[in-house]
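Participant: everything below, folded, please.
(chains A and B)
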Amino acid sequence: MAVNINKILILFSVVFFSVTIFAGEVFPPGGEHEGKNVEQPIEFPHNIHVKDNKINCMYCHTYARRSKVAGIPPTSKCMGCHKIIATDKPRIQKLTEYWEKKQSPKWKKVHDVPDFVHFTHERHLKKFVFDRDFPVENVKEVCAFCHGDVENMTVAHKVKPLNMGWCKSCHEANGGPGDCWKCHK
Amino acid sequence: MSGTINRRSFLKMMGWGGVGTALSGCDVPTTVTLEEGKEEVVSYLMPEEYVIPGIGVWYASVCTQCAANCGTHGRVREGRVLKLEGNPDSSINNSKICMMGQAGVQGHYNPDRITSPMLRKNGNLVSASWDEAMAAIAQKVTTSSGDKTAWFTGTLSGHQLALLNNHLEAIGSTKHYSHEVINTTVSQAVNTDMFGEAMPRYRIDKAKLILSFGADFLGAWMSPVHFAGEYAKFRTQKQRGMLVQVEPKMTLTGGNADLWIPSRPGTEGLIALGIANSLTTENGVDASKLPESVQALIQQNTVESVAKSTGVSAERIKKIASLLKQKSPSLVIAGSPVEGQSNGYNAVAAIMMLNHLLGNVGQTVESSGEFPYEQLKSKQGNTKDLLAFVEDAKAKNLDAVFFYASNPAYTAPDALDINAALKNIPLKVAITQFPDETTLQADVVLPASSFLEDWGTHIAAYQPEQQVLGMQQPLMEKINKDTKGFGDILLGLLQQVKKDEYGQYADYYAYLRHAFASMPSELKGGATTEDQAWNKALQKGVVSISSDNKSLNDEVAEFALPTPADAGSGQYYLMPSPRLGLWDGRHANLPWLQEAPDQISKVVWDSWAEIHPSTAAKLGIESGNIIKVKSDNGEVALKAILIRGIHPDVISIPLGQGHTEYGRYAKGLGINPLKIVSPSIEAKTGEMAMFATRVSISKTDMKDVIVKLGSSDTQMGRKFVVTVPVEQVKRTEGA
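Facilitator: You can find the predicted model right below:
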């Protein structure tokens, strides 16, 4: 009997230990998707913003940490910089035209999940960034799990499948919730 | 896929070619897709500071789906109102809301809403501008219009009513017809005589026993959400409250009763007298404080004689009387099937008298206090005004009538011939959201904003706790730019006739701010500035109003023997039964309420006639048979449903269907039982006796499918709910 209890204790401590060790580790989802080239009203260069100028993803997609959607930045935010910066570039001139007409560009959606799927950016950032004390300045590495290597793209390009099997595999690998109603609610 | 493929050939095709073949011809809608680059996503140009896409913000407002005026909280996300809940700060509904309130968003986003003003030209309604429409009105309605111009509305209150009265005064008219099919006018007349107050508070939560004569307080009675909350307390008291319901047709409340007794319509007053007789003769209740005439009525109507004339057994009557004696305080109430008889007043009086006899006054029937602002008080609709309106119109006494929040062309019985009456009115102005029966006969149509787009203040007619003024604010921008709020329309009309006085207000919002600023400071909850007070009121959604305490009248009013009288020939009584859902038909265009099954028969999207199985057997009617129901004033054909929760002499047809107009969801669905109602009159109040019509029933050879949830009324022996006889429990559990 005593032996059994010892065995159980050992088992528990091993489980506990491994959980503690690997708590910080994440397994990014695999899988590829060959996305289309989507023509946007303005060919927005993610690469110039992220790679060349080292702007954090969440500087523009500011709602990601607070809401289910990451949010397309308001046109006022674009103009905050581009009233002054690169005003000679045709793309910026086009943006300024929109701004002066008091319109937002009608961007084409690239990443989407069906309406019956409740996906939230907030929870994913909490788990993969804030709860892990992952350096926020490197958040693009986490964004890349689902959005790919955006820093090397101009307009965004869908490179991950974003389907249920793919979501599920990542949830299984990283201990995400497995209940149907977590996403289908 | 082409529309001609049936299930069999679809499966065959799947077998041949697999999924690819089956789907290749489908028209995939291009607006809803996961495909990249198809859907558009537009950012804010410059968002408000507090806006976070994907996160809802809740705003307080008022529900106007019925006259209870519950407080609401509406969730607004990305500029769209998505969901309504009850406002916890409102004493009317204490954070709860009913299905009619929930379905409010479907009225708001309804595809059949009228989007621009319309004018009748060469017999047809054609789109027009607001200026043209208002000019057409100004031509006819002037400061000297007098009583030839009138308003016809549903129940109204608050500053909208004040403005409407100002408009009437400005044009020199006194005519405001206020019409509701579902009302408590007769009870209010009785209460005024019996208690000195038309709408005292009924404390369901404090009662140990409720004896309800057809009052569907969980469904279609005054303030159902509030009563449902009190009912929950009533049932969870240490000694569980007991509910006894006496009514011709089982309502939602009746379905919840511990004891349900079917009554022949018109006999409820006699049953109450029989109970009073048993209380005084067998249970030692002192009747000496009652007027002598009432004492004599009680003595005359012995339990046995009442049992004989009403068909309710003497044992039952005695049982109820002894329960009432045991379980004090009790509460006795009466509802529409009792009121809607030609003897309605006397019957309700006999019923309410029991509260005096049992000492419930001051216990479970309390004063609701004096509401201090007379001009804002609710003006409740009735059916007497409908009769007066039709009479005036037929006599060509009306040159111009404004219709708002009422649809008399639908609710008036055929016998009144309202369409002919309407033809006599040269200018009919409909202020409305939907193309309903009245609107489509109008000469000028003014598109109204939905209640989720409009400003307003509301004083509920029934104030269950602390008296409150409900603050209605728009929860989002107008969906259709060309619609206007009711207050704005009223203001526009007033500016036509009294420019000097009302020209100063840019819109109804400005008027409300002005009116609010002039309200006494004790209503503003210690706010230091006007803006602060206003914002506080909007944030809370209600302004609490201290009312003077009053005590109820202790004297019992005299009344006569409530002898039943019938309207028309025919063996059966017609019940045009109201329910929480479609209400009086105003919600028939909301699919959520159409698909919500009737609480008792569980039928959806349809009309049906409920009859007792014994009556059906006698007439050879089976469930689903099309039957003809004929009154002296018309005939309808519809399918029969056999239901045990109904008196064998009664046939019940639910209210709300049978619209000949009113948009894609309501039009052409079912039948309207109001059309064959014989317009007999309640003797004391002049109300229409809506539940007194006699009909005959005949069977046809046709049969139709009944679409309902739950195909059987029994458990089919499957023991989902296991029952054990009391004796057995006593024997085995020793209780």
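
Participant: show me what contacts the residue lying closest to B:Lys96 once chain neighbours are set aside?
Facilitator: Among residues not flanking B:Lys96 along the chain, B:Gly86 sits closest, at 4.4 Å (CB to CB, 6 or more residues apart in numbering or on different chains). From N, CA and C alone the C-beta is placed, and that goes for glycine too. Shown in contact with B:Gly86 (CB atoms under 8 Å, 6 or more residues apart in numbering or on different chains): B:Cys70, B:Gly71, B:Thr72, B:His73, B:Asn93, B:Asn94, B:Ser95, B:Lys96, B:Ile97, B:Gly101, B:Val225.

Participant: does the first one touch B:Asn87 like I think?
Facilitator: Yes. Applying CB atoms under 8 Å as the test, B:Cys70 and B:Asn87 come out as touching, 7.5 Å apart.

Participant: next one: the closest residue to A:Arg65 other than its chain neighbours from A:Trp181, what distance?
Facilitator: Sequence neighbours aside, A:Leu125 is the residue nearest to A:Arg65 in space, at 5.1 Å (criterion: CB to CB, 6+ apart). Using CB to CB, to the nearest Å, A:Leu125 is found at 22 Å from A:Trp181.

Participant: ok, now B:Val556?
Facilitator: 58 Å.

Participant: circling back: return the closest of the contacts of B:Gly86 with respect to chain A.
Facilitator: B:His73 (19.8 Å; CB to the nearest CB).

Participant: which residues in chain A form strands?
Facilitator: Assigned by DSSP state E, chain A shows strands spanning A:106-108.

Participant: near chain B, which residues of chain A?
Facilitator: Taking CB under 8 Å from any CB of the partner chain as the measure of proximity, chain A contacts chain B at A:35-36, A:38-39, A:63, A:66-69, A:71-76, A:99, A:102-115, A:120, A:158, A:162.

Participant: hmm, which of those are the buried ones?
Facilitator: A:35, A:38, A:63, A:66-69, A:71-75, A:99, A:104-105, A:107-112, A:158, A:162 (16 or more other CB atoms under 10 Å in any protein chain shown).

Participant: so which of those are in helices?
Facilitator: Using DSSP state H, the members of these that fall in helices are A:Thr75, A:Trp99.

Participant: and the residue most central in space within chain A, what does it touch?
Facilitator: Centroid-nearest residue in chain A: A:Cys143, 3.3 Å away (criterion: CA atoms, centre = their mean). Residues in contact with A:Cys143 (CB under 8 Å, 6+ apart) are A:Cys57, A:Val150.

Participant: so what pLDDT did it get?
Facilitator: At A:Cys143, the predicted lDDT confidence score is 95.

Participant: and B:Ser546, by the same measure?
Facilitator: Taking B:Ser546 on its own, its pLDDT is 81.

Participant: just give the number of residues close to it.
Facilitator: As a burial measure, B:Ser546 scores 11 neighbours (other CB atoms under 10 Å in any protein chain shown).

Participant: just to check, it is in contact with B:Pro520?
Facilitator: No. Contact criterion CB under 8 Å: B:Ser546 and B:Pro520 do not qualify, at 10.1 Å.

Participant: so what's the closest residue to chain A within the stretch 351-500 of chain B closest to, chain neighbours aside?
Facilitator: Taking CB to the nearest CB, chain A has its nearest neighbour within the stretch 351-500 of chain B at B:Glu477, 15.6 Å off. In this structure, B:Glu477 finds its nearest non-sequential neighbour in B:Gly79, 6.6 Å apart by CB to CB, 6+ apart.

Participant: the one you found and B:Leu580: what is the separation?
Facilitator: 31 Å.

Participant: who has more neighbours, the two?
Facilitator: B:Leu580 (24 against 12).

Participant: got phi/psi on the nearest residue to that one once chain neighbours are set aside?
Facilitator: For B:Leu580, ignoring the flanking residues on the chain, the nearest one in space by CB to CB, 6+ apart is B:Gly219 at 4.2 Å. Note on B:Gly219: its backbone torsions stand at phi -120, psi -100 [degrees, to the nearest 10].

Participant: for B:Gly219, list the residues it contacts.
Facilitator: Residues in contact with B:Gly219 (CB under 8 Å, 6+ apart) are B:Thr251, B:Leu252, B:Thr253, B:Pro578, B:Arg579, B:Leu580, B:Gln599.

Participant: try it again at 7 Å.
Facilitator: Contacts for B:Gly219 (CB atoms under 7 Å, 6 or more residues apart in numbering or on different chains) come out as B:Thr251, B:Leu252, B:Thr253, B:Arg579, B:Leu580, B:Gln599.

Participant: fine by me, we can end here.
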